[in-house]
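Participant: got a structure for you, letters missing:
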C-alpha cells in the first residue's frame, strides 16, 4: 500500500472512531509521525493532503521541514520527542506545537525563548503515566500542580497533556488516567494514541493521535 493510500485508510478509521464514540467529525487531529523518514518519503503524504507532522528530534526536523515548508506553506510541525533545555531556542523557532514539556527547567527555558523570539508554539505537558524510569514525563501525581506552575510561575499557556503508555500495558488505563488528569488541570488537549491503539485513545477523548508506521511503513530497527 502506498503512503497516500495508507493515509486515506487511517483518516477513514479516525472518522469511524469519532462517530462510534459520539464525537463530532474532525474533532481529532492526525499527526503523521515522520521521524526517521526523509523529505522524499514525506512529500507523497503532503501531496495526499496531510499538513500536520510529528518529529522526535530538533536537529532532524530542522534538516527536513524548512525545505518542505518552502514547497508547501502551512505545514504544522509538532515536537513529540524529549526536549533538552539547551535546544529550547531551536525548538521555539521551528515547532508549532511542543508535546513534551515535563519539568520546570524546560518550562523556564521555553518561556524565555518565547519572549525573546516573540513566537508562541502551543504546549502540552508530557505525563509518564506508567511511571517508567527510562521514559520522559512528569509523574501523574505531580501533573496538575505542574500545569498550574507553568501558568503562574512561567507564564505559559498549556493546551493539553500527552502520554505514551508502557508497551506491555493495557493502553485504555493510561488513556483514561490522562483524560482524568487533563480534566482536573482544566486543559482541553489530550495527545494520546499511536498506530496500534489510536482508536482506543479516541474513545477516551484523544484530541491528537500520533500515527507513523501505519502511514509511512516500518522504520529501521535502530531508529
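Facilitator: Received it, and whenever you're ready, just let me know what you need. If you're wondering where the values come from, they're calculated on a predicted model, not measured in any experiment.

Participant: quick one, longest helix in the chain?
Facilitator: Secondary structure of the chain per DSSP state H: the longest helix is helix 3-20.

Participant: from the contact counts, what lies against the following helix or strand past it?
Facilitator: Counting by DSSP states H and E, the element after helix 3-20 in chain order, helix or strand, is strand 29-33. Contacts defined by 3 or more CB pairs under 8 Å, 6 or more residues apart in numbering; DSSP states H and E place strand 29-33 against helix 3-20, strand 52-55, strand 208-211, helix 213-216. For every residue, glycine as well, the C-beta is placed using N, CA and C.

Participant: reformat those as TSV; add distance to residue 151.
Facilitator: Below are the helices and strands packed on strand 29-33 laid out as TSV (distance: least, CB to CB, whole Å):
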stretch	distance to residue 151
helix 3-20	30
strand 52-55	25
strand 208-211	20
helix 213-216	34
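
Participant: reformat those as JSON lines; add mean pLDDT and mean neighbour count.
Facilitator: Shown next, in JSON lines, are the helices and strands packed on strand 29-33 (pLDDT from 0 to 100; neighbours: other CB atoms under 10 Å):
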{"stretch": "helix 3-20", "mean pLDDT": "98", "mean neighbour count": "16"}
{"stretch": "strand 52-55", "mean pLDDT": "98", "mean neighbour count": "23"}
{"stretch": "strand 208-211", "mean pLDDT": "98", "mean neighbour count": "24"}
{"stretch": "helix 213-216", "mean pLDDT": "96", "mean neighbour count": "20"}
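
Participant: quick one: which of these is nearest residue 72?
Facilitator: strand 52-55 (10.8 Å; CB to CB).

Participant: from the chain's centre, how far out does that closest one sit?
Facilitator: Centroid separation for strand 52-55 versus its chain: 8 Å, with CA atoms, centre = their mean, to the nearest Å.

Participant: all set now, cheers.
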